[in-house]
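>>> Sequence and predicted structure, then a few things I'm wondering about:
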Amino acid sequence: MDRETKIKFITKDTTNLNQEVFYDSLIITFLKNDMFYYLVFRGRSTKPTYYYFLSESNRTESLNITKQRIKSQYEKKQKYFESKKIQGASIDEGTILYSSWGYEQTNINFYLVLSRKNSVITVQEIGKNKTYEGRDYGTCTPNVDFKIGEPFQKRITKHASIKINEVEDATKYDGSKLHWSSWY
């Protein structure tokens with residue numbers, strides 16, 4: 001059921017129906033069966049969160065708290081994406097990206113950015129220098145002299161990363177030693 005159909009269904013036979021767009025949310029207030037309701041649809045959600053109260057003053061108080069929470073979460077999300085936009089803009093030719101992935105083990109892969117045009121980068125997997133701290137675990141750093149496979153193109157996401165495949169995302173490498181493990 002889409003959002004509009006759900007709104008019509010829930011607000012059938014109501015009075016004092018009002019809609020308000022608040023940041024990335026749609027808030028609907030109404031009166032039904034002597035109860036004061038409000039619905040909140042977050043983002044593009046089709047499933048609302050809704051509340052009911054015995055008095056309008058209780059609804060207003062709860063709605064103000066909900067609005068503060070929505071505003072805070074929206075501002076936090078905007079701040080996150082602004083920082084990722086800056087971080088994504090700093091990915092240029094020569095930047096090293098890494099991915100850490102695996103189940104019951106930690107695999108580390110490194111990628112060298114060969115070129116960039118807008119949000120599309122050409123990358124090539126590179127090797128790693130492994131140090132062993134035990135039989136099957138240790139740390140590693142990138143080895144730009146060892147190329148693996150052929151270069152390929154990927155688009156930088158809004159999270160300042162690239163999606164290598166269904167289990168692997170690569171982000172900017174900060175120069176520290178990364179921990180790996182292998183139990184096989």
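That came through, no problem.
>>> ok, now how distant is Thr29 from Asp2?
Applying Cβ to Cβ, to the nearest Å, the value for Thr29 to Asp2 is 21 Å. Every residue, glycine included, has its C-beta placed from N, CA and C.
>>> Compare those two and say which is more crowded by neighbours.
Between Thr29 and Asp2, counted using other Cβ atoms under 10 Å, the more crowded position is Thr29 (19 against 7).
>>> How is that one assigned, secondary-structure-wise?
Counting by DSSP: H, G, I helix; E, B strand; the rest coil, the backbone at Thr29 sits in strand.
>>> Just to check, it is in contact with Ser62?
No - look at Thr29 against Ser62 with Cβ atoms under 8 Å: they stay out of range, at 11.0 Å.
>>> ok, the nearest residue to Lys128 once chain neighbours are set aside - contacts?
Spatially, and ignoring its direct neighbours in sequence, Lys128 is nearest to Cys140 (4.3 Å; Cβ to Cβ, 6 or more residues apart in numbering). The neighbourhood of Cys140, defined by Cβ atoms under 8 Å, 6 or more residues apart in numbering, consists of 108, 128-131, 177-178, 180.
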